[in-house]
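Undergrad: sequence plus the predicted model coming up.
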Amino acid sequence: MDRTKKKATKVQVVIVGGGIIGTAVARELSRYKLDVLLLEAEPEVGWGTTKANSGIVHGGFHEEPGTLKAKYCFPGNQMYPQLCEELDVCFKQNGILMVARTPEEMDTVQLYYERGKERGVNVRLLNQEEVAAQEPNLDPGIIGALYAPEGGSVMPFELAAALMENAVQNGVNFRVNAEVINAWTEDGKKYLETEEEVFEADYVINAAGLFSDDLARMFGDDYFSIRPRKGEEYIFDLSVRDVVKSTIFPVPGKISKGILVIPTAAGNLMMGPTGDNVDEKEDLGTTQDGFNRVFEGAKSLVPSLNPRQIIAQFAGVRAASDRGDFIVELSPNVPGLVHLAGIESPGLTAAPAIAADVPRLLKEAGLELEQKEHFEPRRRDVLRFGSLSREEQDALVKKDPSYGRIICRCESITEGEIVDAIHRGARTLDGIKFRVRAGAGRCQGGFCQPLITQLLSRELDIPVTAVTKAGPGSEQVKFVAKELSEMEVAKS
Amino acid sequence: MKQVHVDVAVIGGGPAGLAAALAAHSEGAGRVLIIERNVELGGILQQCIHHGFGLHRFKQELTGPEYAQRFINLVKETDIEVMLETMVLEVTPERKIYAVNSQTGMLEINAKAVVLAMGCRERTRGALRIPGGRPAGVFSAGTAQRYVNIDGYMPGKKAVILGSGDIGLIMARRFTLEGAKVEAVVEVLPYAAGLTRNVVQCLEDYDIPLYLQSTVIEIHGTKRIEAVTIAQVDAQWNPIPGTERKIECDTLLLSVGLVPENELSSQAGVAIDPVTNGPLVDESMMTNIPGIFACGNVLHVHDLVDNVSRESERAGMYAGRFAVGSSNPAPRRIKVVAGDNIRYVVPHEVSTTEPVEFFMRVQRPEDSVVLDVGGLRQLKKTSVRPSEMLDVKITPEQLQSLEGDTLVMQIVPQKEA
């Protein structure tokens, strides 16, 4: 494509990528008098690695001292309660438990305890009896544990969507379905091209996740690369919700934190993730072998887990870098280009802290920042029918009858909530599932999907055959009835 | 919050709920209420536009909507109340029901008796953990049936169907009639899971291949499904290496079993049978919670709607009696046990004062056998199939003659009997 054909639009700061990092940065920059644009390749933000994240807000005791992971993880953890309160996002501060089964493992747990203490993390050591009292369903062979009560769980997709929504409230522009297909520098200026448009940016924040090395290379930066590493997760029925209170970690291996048992913010129990290097950045398939390893690992922590109660599984790909650490820095080659790359675990936890550090990097790069007089930290309240009392539910339905129509019966999600999600930016069946959990329950959308399809069609004013699961090409019902048989008749 | 008081509240307006409500009403229950979440009565029958319903009950081949309409008409002739588009959110052991609809808001319904008739849901791809990607175009067969028969859309034009349950077989024919190509029906068992007549009328008549002892081992595609890999399985259902075959398709339908929807029941403290996934009931179809009854597919998954109606009439009758206070606790209880080649029996416990009709399923197909009802009755069967329920009626007199407090239901060879 000839890059000169499109007229370039000038923007002060372009953020490439609407994952948890890009959206957190967008909201952070919306505090300042700046012209900011976020470009997201997918139909909705939070759609890449973010949506497949385990959702754990880590304690901040795991990370090797001296790494950027250590620098940002614990401060990020400390920002979560306020951030989620402001954005009306569910944050379940249920704590983290790292358990040991041998004296050697207990020695390692002790090391993490000291590491945590040094950083100011609220950590405690528990003996066998204390572990059993706190988590009676854990394997009795566990002899002790490290407990970090300030760890927790969020729904990462919900958080990314909320960050974006709040950033937009505060003046940030964004485009979805806007993959950067070309980027270059010319006369000291940076250009980014999508299918539709070209932007001329003073500053570019590379938050392109799995594709951050590709974007860097478009600008001529070839000094890091992304090594995709896949993780599979398995979700249990909501009835398996009180088996453990905290997120249960084994003593970690060399590469990953191991197979965890995670009480998610949504309430379901989840187990995973695997950590397998893969060739394809978009290899999102689950495998029998992955399941076997996840189940073996999880069962060794919680013996009562029953695979028959699994309702769903998914895989995500971590955007690990060849450095083994986060990359949060100004490009050494391209002025005004900030790389936020290699954000693997604990990237979700670190995201608010990384975002808070971006203004410093931009200042270093010469951008003058002035705070807005009026930054609105809150987004419009989200009405969650299921979390209201019976009286509140009654009052809500009388005010808005659409909250009296339950669409998703497994999770009791109302038409009102789904329509609100669409008005906030949901465009697809998956987007609705991730935002409001309609279709995420035990029937996996078997009953509600046709109804949600109709709501998307009605609210977006598109035909039912144009409603997608996850963007163009993933249309769920492709033909109007009789269309095919008429085609057959026409042929014969 | 609106308060309502009724004699019998029936949760679910499908075939089970309709029959139960009518029977409760006939039994003299003054205020009978059907609570239905859908926009109309009839339940899943409304999307079953094929014929084959009512052969036992009406000696006629009706479509699903026709069968449902017969009951809906009967309900209309009575003063049975119906709340449509109303979702029950909670049932308490004290028989208080919280429900919501957009016209009234939240309702608190106090019922003297409650009949659980919520039906079942389909097992999902997630529950099966089929490896591979998660593209669009993977449906449970009933969801696809709704898209085609109610909403008027065709999911795709080249389908593979995993599982030979009845809905899958029916949808194989529906897809074919709608102009799509059904490449294969794949079944992990060595025999079809659905009714024999459906195998003949839906697959054989349309030359749709049925691959037995086979399963889908991988789903291909990122946006829309592009293909599946199927493989033969051994006796433990493990794929046999070297038998893999890739079949291109744009749609995968799953007909791999139904699960009674008992989340409300469990909340109310109703004890669940791990085999049927439905409540444990006695001869009056009452659960362990006094005044809460269950019938239809929420109790156990049925083969024919005719059987649902019959069972639900009993549940409704006893619920009506309970509500008007004319039921008496029985002195002697008999525990019903599933013996040789019996997967389950409903009801789970009976008295010796009421006539009982037992419904049961076998574990595996057998020919030339006898169904032995605790030595009280012996019924010759030319064949038994897991897809076809067995039923047998026992009188109070027969039950009274039983020695001990256990009735063993079993399949025995004909020569031994």
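TA: Okay, I see it.
Undergrad: quick one: the strands in the stretch 101-250 of chain A, in order.
TA: Using DSSP state E, counting those that start in this stretch, the strands assigned to the stretch 101-250 of chain A run over residues A:124-127, A:144-148, A:152-154, A:173-175, A:182-186, A:189-193, A:198-206, A:226-236, A:247-249.
Undergrad: same check on the stretch 51-200 of chain B?
TA: Taking DSSP E, counting those that start in this stretch as the criterion, the stretch 51-200 of chain B carries its strands at B:51-53, B:62-63, B:81-83, B:87-91, B:96-101, B:105-116, B:120-122, B:138-140, B:153-154, B:158-162, B:181-186.
Undergrad: ok, residues contacting the third one?
TA: Just to be clear, that refers to strand B:81-83. B:6, B:13, B:31-36, B:41, B:75, B:99, B:101, B:107 (Cβ atoms under 8 Å, 6 or more residues apart in numbering or on different chains). The way it works is simple: take the backbone N, C-alpha and C, and place the C-beta from them, glycine included.
Undergrad: in that strand, what's buried?
TA: Neighbour-count burial for strand B:81-83, counted by 16 or more other Cβ atoms under 10 Å in any protein chain shown, picks out B:82-83.
Undergrad: ok, that strand: who's next to it in the sheet?
TA: If you go by DSSP bridges, strand B:81-83 pairs up with strand B:32-35 (parallel).
Undergrad: for chain A, longest helix please?
TA: Determined from DSSP state H, the single longest helix within chain A is helix A:68-87.
Undergrad: which elements pack onto that helix?
TA: The contact analysis (3 or more Cβ pairs under 8 Å, 6 or more residues apart in numbering or on different chains; DSSP states H and E) places helix A:68-87 against strand A:56-57, strand A:91-92, strand A:152-154, helix A:156-169, strand A:327-330, helix A:347-364.
Undergrad: partners of the first one in the sheet?
TA: Partners of strand A:56-57 in the sheet, by DSSP bridges, are strand A:152-154 (antiparallel).
Undergrad: cool, and the second one?
TA: Paired neighbours of strand A:91-92 in the sheet (DSSP bridges): strand A:152-154 (antiparallel).
Undergrad: please apply the same query to the fifth one.
TA: The pairing partners recorded for strand A:327-330 under DSSP bridges are strand A:337-341 (antiparallel).
Undergrad: contacts for the strand it pairs with, please.
TA: A:21, A:25, A:190, A:203-208, A:212-213, A:216, A:219, A:221, A:224, A:226, A:319, A:321, A:326-331, A:354, A:358, A:361-362, A:365.
Undergrad: and A:Lys433, that's in a strand?
TA: No - under DSSP: H, G, I helix; E, B strand; the rest coil, A:Lys433 falls outside any strand and is assigned helix.
Undergrad: my read: it touches A:Gly439, true?
TA: Yes - using Cβ atoms under 8 Å, A:Lys433 is in contact with A:Gly439, at 4.3 Å.
Undergrad: overlap in contacts, the two.
TA: Residues touching both A:Lys433 and A:Gly439 (Cβ under 8 Å, 6+ apart): A:Gly445.
Undergrad: looking at the helices and strands packed on helix A:68-87, which is buried most?
TA: Of all the helices and strands packed on helix A:68-87, strand A:56-57 carries the top mean neighbour count, a mean of 28, counting by mean count of other Cβ atoms under 10 Å in any protein chain shown.
Undergrad: near chain A, which residues of the stretch 1-150 of chain B are found?
TA: B:1, B:37, B:85, B:87, B:89, B:98, B:100-106, B:108, B:121-122, B:124-127, B:129, B:131-137, B:140, B:142-143, B:146-148, B:150 (Cβ under 8 Å from any Cβ of the partner chain).
Undergrad: which among those end up buried?
TA: For those, buried by 16+ other Cβ under 10 Å: B:37, B:85, B:87, B:89, B:98, B:100-102, B:104-106, B:108, B:121-122, B:124-127, B:129, B:131-137, B:140, B:142-143, B:146-148.
Undergrad: model confidence for A:Asp5, exactly?
TA: Actually, residue A:5 is Lys rather than Asp. Here, the pLDDT recorded for A:Lys5 equals 69.
Undergrad: please apply the same query to A:Ser485.
TA: Looking at A:Ser485, its pLDDT reads 80.
Undergrad: likewise for B:Val256?
TA: pLDDT at B:Val256 comes out at 95.
Undergrad: contacts only, for it.
TA: B:Val256 makes contact with B:122-123, B:128, B:162-163, B:165, B:168, according to Cβ under 8 Å, 6+ apart.
Undergrad: can you tell me the element it falls in?
TA: Using DSSP states H and E, B:Val256 sits in no helix or strand.
Undergrad: that one and chain A, how far apart?
TA: According to Cβ to the nearest Cβ, to the nearest Å, B:Val256 and chain A sit 12 Å apart.
Undergrad: can I get the contacts of strand B:81-83 in CSV including pLDDT?
TA: Formatted as CSV, the contacts of strand B:81-83 follow (pLDDT from 0 to 100):
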residue, pLDDT
B:Val6, 98
B:Gly13, 98
B:Arg31, 98
B:Val32, 98
B:Leu33, 98
B:Ile34, 98
B:Ile35, 98
B:Glu36, 98
B:Leu41, 98
B:Val75, 98
B:Ala99, 98
B:Asn101, 97
B:Leu107, 98
